[in-house]
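Enquirer: fold the following for me, if possible:
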Amino acid sequence: MKITDLKIHQLTGLLRLITDQGLEGWCLGVDPNSAQLIQSVYRQVLIGQEVHDRERLWQELVRLDRFAYLPHAVRGYVDVALWDLAGKAVELPVFRLIGGFRQRLPVYKSGGNLPTVADFARDAAQAREEGFFGYKDHCYHGAEAMAKVARATRQAVGPDFHLMHDCVQNYLYLDALKVGRVLEECEYTWFEEPLRDYDLLGLKKLSAELEVPVAAAEYLPGSAFSTSQLVAQQAVDIVRASIPWRGGITDLLKIARLAEAFGLNCEVTSVGVMHGFVHAHVLGAIRNCRFFEGWKLGSLGGEPLIQNPLHIADGYLEVPTGPGLGVELDWAAVEKHTEWVI
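Expert: Got it, this is the predicted structure:
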């Protein structure tokens with residue numbers, strides 16, 4: 001089965017890899033700039049290629065990234081569509097094509113940067129009431145404010161509920177150390193992105209000083225290759241990764257296997273591309289990821305284009321079992337919302 005055409009609908013962001021046997025691989029969420037780059041740089045190496053040669057195509061796309069100075073997310077859209085196509089070709093869901101591990105994923109709730117300490121505590125308590133297995137704050141108010149948030153939040157949810165803090169690389173080392181000590185006191189599950197990803201020495205020193213696990217590498221360019229440097233030098237306790245920020249499914253599997261070889265978890269961040277479908281399949285195929293990251297109960301979105309949106313219920317997300325990624329598109333809605341095709 002060979003790829004014969006690429007079409008990208010805008011502004012729906014639907015990438016279609018079309019084959020000579022009528023099957024298509026899909027990825028939603030492709031912005032107009034990425035769509036132009038896919039057609040101008042990747043098309044030449046994809047047309048006429050066997051759909052199951054994902055590793056060879058991945059290697060070629062990685063090579064082209066360097067020569068064309070592409071943003072590291074662009075390759076991820078194509079890789080997702082290739083996996084969707086491969087699963088459809090053999091009539092298996094992607095997570096089982098990779099090698100199924102589980103079909104039900106525990107979910108934690110990811111909160112925002114709220115105005116007050118009381119707001120953080122209230123949001124975490126609500127997450128527990130809703131059945132989530134944990135709560136992650138995004139507090140950007142500084143080290144002193146975060147210390148208050150941590151203590152108030154732990155008091156609000158009790159001792160047996162997972163808490164995480166993500167400052168999105170906003171601390172300098174000394175403030176990160178101070179916050180980390182409070183997170184230890186409050187028994188947080190992890191401390192996410194305390195420093196910039198490129199601060200290898202700072203992350204290494206912080207990970208050595210703190211007992212609370214340090215999670216990093218969420219937005220680190222270079223896929224598994226750069227991640228290996230952080231892991232080998234013991235600069236992180238937990239690897240973070242996401243699609244398409246760090247590439248596609250192939251990239252994320254390489255990163256997760258790398259982390260597993262060193263005895264680390266690879267915690268996949270955000271709902272991800274295609275409204276949860278892609279991350280659900282990856283988490284369904286790996287052992288070393290504890291949680292799916294969500295932000296609310298109910299639908300993860302994609303309507304009206306997606307007819308079978310994923311739902312979080314009772315703290316869990318079920319991995320879809322249809323062929324490929326299991327996405328069912330409403331083609332009438334796709335046509336209605338398509339303004340042009342690249």
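
Enquirer: longest helix in this structure, by number of residues?
Expert: The residue-count maximum for a helix in the chain (DSSP state H) belongs to helix 74-90.

Enquirer: ok, T227 - how many residues close by?
Expert: Using other C-beta atoms under 10 Å, T227 has 26 other residues around it. For glycine as for every other residue, the C-beta is placed from the backbone atoms N, C-alpha and C.

Enquirer: quick one, what contacts it?
Expert: When contacts are counted by C-beta atoms under 8 Å, 6 or more residues apart in numbering, T227 touches A217, L220, V239, A241, I255, L258, A259.

Enquirer: distance check, the closest residue to T189 other than its chain neighbours against S110.
Expert: In space, T189 comes closest to H162 once its chain neighbours are excluded; the distance is 4.5 Å by C-beta to C-beta, 6 or more residues apart in numbering. Remark: distance between H162 and S110 (C-beta to C-beta, to the nearest Å) = 12 Å.

Enquirer: related to what we said a few turns ago, buried among the contacts of T227? Make that a PyMOL selection.
Expert: A single PyMOL command selects the buried members of these (16 or more other C-beta atoms under 10 Å):
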select buried, resi 217+220+239+241+255+258+259
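
Enquirer: what's the helix or strand just after the longest helix of the chain packed up against?
Expert: Remark: after helix 74-90, the chain's next helix or strand is helix 94-98, criterion DSSP states H and E. Judged by 3 or more C-beta pairs under 8 Å, 6 or more residues apart in numbering; DSSP states H and E, helix 94-98 is in contact with helix 74-90, helix 249-261, helix 277-285.

Enquirer: what pLDDT, on average, does helix 94-98 get?
Expert: If you average the pLDDT over helix 94-98, you get 98.

Enquirer: what of stretch 218-225?
Expert: Per-region confidence: stretch 218-225 scores 91 on mean pLDDT.

Enquirer: just the buried residues of it, please?
Expert: Buried, per 16+ other C-beta under 10 Å, within stretch 218-225: E218, Y219, L220, G222, S223, A224.

Enquirer: ok, of the residues you listed, which one's closest to R66?
Expert: For the buried residues of stretch 218-225, the residue nearest R66 by C-beta to C-beta is G222; the value is 10.6 Å.

Enquirer: gap between that closest one and Y198?
Expert: From G222 to Y198 the distance is 11 Å (C-beta to C-beta).

Enquirer: same thing with S270?
Expert: 21 Å.

Enquirer: one step back: out of the helices and strands packed on helix 94-98, which one sits most buried?
Expert: Across the helices and strands packed on helix 94-98, averaging neighbours per residue (mean count of other C-beta atoms under 10 Å) puts helix 277-285 on top, at a mean of 27.

Enquirer: same for it, what does it pack against?
Expert: Packing contacts for helix 277-285, counted by 3+ C-beta pairs under 8 Å, 6+ apart, involve helix 94-98, strand 104-110, helix 249-261, strand 265-268, strand 292-294.

Enquirer: mind doing that once more with 6 Å?
Expert: helix 94-98 (3 or more C-beta pairs under 6 Å, 6 or more residues apart in numbering; DSSP states H and E).

Enquirer: and the helix it packs on, how far out from the chain middle?
Expert: Distance, stretch centre to chain centre, for helix 94-98: 17 Å (C-alpha atoms, centre = their mean, to the nearest Å).

Enquirer: repeat that for stretch 74-86.
Expert: Per C-alpha atoms, centre = their mean, the displacement of stretch 74-86 from the mean C-alpha position of its chain is 14 Å.

Enquirer: now do that stretch, average pLDDT.
Expert: Mean pLDDT, computed over stretch 74-86, is 97.

Enquirer: what's next to that stretch, contact-wise?
Expert: Identification of contacts with stretch 74-86 by C-beta atoms under 6 Å, 6 or more residues apart in numbering yields 15, 17, 25-27, 30, 34, 37, 42, 51-52, 54, 61, 94, 243-244, 247-250, 278, 324-325.

Enquirer: filter these down to just the buried residues.
Expert: By 16+ other C-beta under 10 Å, the contacts of stretch 74-86 give 15, 17, 25-27, 30, 34, 37, 42, 51, 54, 61, 94, 243-244, 247-250, 278, 324-325 as buried.

Enquirer: filter those residues down to the ones in strands?
Expert: If you go by DSSP state E, the buried ones among the contacts of stretch 74-86 have L15, L17, G25, W26, C27 in strands.
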